[in-house]
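# please work out how this folds:
(chains A and B)
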Amino acid sequence: MPPARRYTKTHEWLVQSESPEAWNVGISDFAQQEVTDVVFVELPKVGRQVPRGGEAAIIESVKAAFSIYSPVGGTILAVNHALDGDPGLLNRDPYGQGWIFRIQPSDLSELDQLMDEHAYEQFLSEGGGHPEHG
Amino acid sequence: MTLPLGPSHLREGGHMVDFHGYSLPIRFATILSESAAVRERSGIFDISHMGHFEIRGTGAVSSVNRLLTSNLEAVESGKALYGHLLDESGGVIDDIMAYRFGEDRVDLVVNASNREADLEWVTRHLSPGTGIVDHSPEHVGWALQGPESEEVMGSVLPDLCRMKRREARTVAWGGSSFLVSRTGYTGEDGWEFFGPARSGVDLYETFLHAGKESGKLSPCGLGARDLLRLEMGYPLYGQELTREVNPFDARLDFAVSRSKGFFIGRDAILSEDGTPRILSGHPVLVGFLLQEKGIPRTDCILETGGGNPVGKVTSGGYSPRVGGGFGLGFVDRVFAEEFRRGAKANVRIHGNLHPIRPGSWPFVQSGLTKTLRKQ
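Have a look, this model is predicted:
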């Protein structure tokens, strides 16, 4: 069974990578459908410290620019440079090859404040998605 | 406000948004796939939010002509004409289409955001014996656009395939009368329809189903409509055009007849002999292309190479047909000339500077630019 993803109300996901010190971050399938047509991703610098909820990346789609907020505070360990050459990965494989950055959480207790798969599904079904902007 | 074609859009998977108080689809599939469909095949857009007025009476043509920058008197009956309504100081109240039918009927199609102001302005300036009806509250409108729109039209209303570019007609269908013109806002061949919702919904669905069956037509949303118009450099009221801007500032010289007589705002924008008054304090519209990745958006700051702010983006976007990010913006008139001659400039996006170079519109080759080249 793959490790469980956790979600934010702003539609980022977080999942443990090679160790409890390294977690991958991306956007949910719901979010990529809202964003559509990703053209560029502005990735954070490796080594940067980001607070929980701080802007860590920007997704530019044909429609608009979307800020990606870090689900937890920590240090950027790596970024997915495959998105530079093929930003469409974010639309095609949001939970896999479309990951955005890897973070080392500074406080593991922040993980408890994120939603699990079931809670996120519930959040979406209750209309937690952003309305699209005209 | 929900519009009569709303249920059809929901059946087609439309993602609805609020646009100036009207619920309209922003997209059905994606903006890129829909805009490509219109350049390569055809698309159909809901434009029911636009205003449609009908002016009748012996003074119809002369009344409208006193408000319009272009010359309706010089246009033959059964033709559509683009022009601006100006205030006394030359600011643009709206950019509109006027359709002339003989001497005593003129229809106007206006922007949704300006409908009430336009209705008040036109009504106030009608000559005695001339009346105006606002058809907008019960109407629907749609635009069929793209190189294959003629084939779609041929399968629904084949007689209309004989219409020439910018020709306008009233067409009876299902017991209602429709205003139909061979016009559009995409740079492609196509038609625009306005008529009562009671039969218009059926006629829209007839086009949609005929076109989808043949695989030539996609329902398209506001997102694709905005990208297609920006690729052509067509202005959008509220962005390139406002009351603070005159037609020459927005480089829409073609919308102004220098030889016609009086119209409201004429003295503010033209001198006695018909030459444009250049208002050095007014910024001027420029087109630009990004030299590296990045997408400029409305209100991004434009700067000189030395870091001085010189203007703002009015519309920006990304198109694979243009080859990257591009846009339109107003800049200081002196800098506009330096920029054209090669001066360095940047657009600030999310705090970062992105170099830009001059780009002239249309930014792409479209069905209409190819046709014009052939002629």
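
# quick one, domains of chain B?
Split into domains by automatic domain parsing, chain B comes to B:6-47+B:136-231, B:52-134, B:233-358.

# a markdown table please, covering these and showing mean pLDDT.
Converted to a markdown table, the domains of chain B look like this (pLDDT from 0 to 100):
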| stretch | mean pLDDT |
| --- | --- |
| domain B:6-47+B:136-231 | 97 |
| domain B:52-134 | 97 |
| domain B:233-358 | 96 |
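
# of all the ones you listed, which one comes closest to residue A:83?
domain B:233-358 (11.6 Å; C-beta to C-beta). Every residue, glycine included, has its C-beta placed from N, CA and C.

# that older thread, next, format the domains of chain B as CSV and append mean neighbour count and distance to chain A.
CSV is the format used below for the domains of chain B (neighbours: other C-beta atoms under 10 Å in any protein chain shown; distance: least, C-beta to the nearest C-beta, whole Å):
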stretch, mean neighbour count, distance to chain A
domain B:6-47+B:136-231, 20, 4
domain B:52-134, 19, 12
domain B:233-358, 18, 5
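
# pipe the ones you listed into CSV and attach distance to residue A:25 per row.
CSV is the format used below for these (distance: least, C-beta to C-beta, whole Å):
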stretch, distance to residue A:25
domain B:6-47+B:136-231, 24
domain B:52-134, 39
domain B:233-358, 19
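
# so which of those is nearest residue A:69?
domain B:233-358 (14.3 Å).

# in what helix or strand does the residue in chain B sticking out farthest from the centre lie?
Using C-alpha atoms, centre = their mean, the residue of chain B lying farthest from its centre is residue B:306. It sits 35.4 Å away. Using DSSP states H and E, residue B:306 maps to neither a helix nor a strand.

# how close does it sit to residue B:125?
The gap separating residue B:306 from residue B:125 is 47 Å, by C-beta to C-beta, to the nearest Å.

# swap in residue A:128?
From residue A:128 to residue B:125 the distance is 51 Å (C-beta to C-beta).

# who are the contact partners of residue A:128?
By C-beta atoms under 8 Å, 6 or more residues apart in numbering or on different chains, residue A:128 lies in contact with residue A:9.

# can we see that at 10 Å?
A:7, A:9-11, A:30, A:115, A:120-122 (C-beta atoms under 10 Å, 6 or more residues apart in numbering or on different chains).

# keep only those of the residues you listed that are in strands.
Secondary structure defined by DSSP state E assigns A:7, A:115 of the contacts of residue A:128 to strands.

# and the contacts of residue A:128 as TSV, adding neighbour count?
Output for the contacts of residue A:128, formatted as TSV (neighbours: other C-beta atoms under 10 Å in any protein chain shown):
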residue	neighbour count
A:7	25
A:9	12
A:10	16
A:11	25
A:30	18
A:115	19
A:120	21
A:121	14
A:122	12
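
# with the contacts of residue A:128 in mind, which one is nearest to residue B:61?
Closest to residue B:61 out of those is residue A:30 (54.1 Å), distances taken as C-beta to C-beta.

# I'd say the closest one and residue A:36 touch.
No: Residue A:30 is beyond contact range of residue A:36, at 11.9 Å (criterion: C-beta atoms under 10 Å).

# show me what the helix or strand containing residue B:316 is packed against.
Residue B:316 is part of strand B:309-319 when elements are defined by DSSP H and E. Judged by 3 or more C-beta pairs under 10 Å, 6 or more residues apart in numbering or on different chains; DSSP states H and E, strand B:309-319 is in contact with strand A:38-42, helix B:31-40, helix B:222-232, strand B:284-290, strand B:301-304, strand B:324-331, helix B:333-340, strand B:345-349.

# so which of those is nearest residue B:96?
Comparing the helices and strands packed on strand B:309-319 against residue B:96 with C-beta to C-beta, the closest turns out to be helix B:222-232 (15.3 Å).

# chain B contacts on chain A?
Contact residues (C-beta under 10 Å from any C-beta of the partner chain) of chain A with chain B: A:33-37, A:39-42, A:55, A:58, A:60-65, A:67, A:84, A:87, A:91, A:131-134.

# in strands, which of those fall?
Counted as lying in strands by DSSP E, out of the residues of chain A next to chain B, are A:39-42, A:55, A:58, A:60-61, A:65, A:67.

# returning to what we had before: may I have the strand holding residue B:316 as PDB, with CA atoms only?
Taking Å, rounded to 0.1, in the frame of the first residue of the first chain, the C-alpha atoms of strand B:309-319 are listed here in PDB:
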ATOM      1  CA  PRO B 309       7.600  52.400 -14.400                       C
ATOM      2  CA  VAL B 310       6.100  53.600 -17.700                       C
ATOM      3  CA  GLY B 311       2.800  51.800 -17.800                       C
ATOM      4  CA  LYS B 312       0.600  48.900 -17.200                       C
ATOM      5  CA  VAL B 313      -0.600  45.700 -18.900                       C
ATOM      6  CA  THR B 314      -4.300  45.900 -19.900                       C
ATOM      7  CA  SER B 315      -4.500  42.300 -21.300                       C
ATOM      8  CA  GLY B 316      -1.900  39.500 -21.200                       C
ATOM      9  CA  GLY B 317      -1.800  35.900 -21.900                       C
ATOM     10  CA  TYR B 318       0.000  32.900 -23.300                       C
ATOM     11  CA  SER B 319      -0.600  31.300 -26.600                       C
END
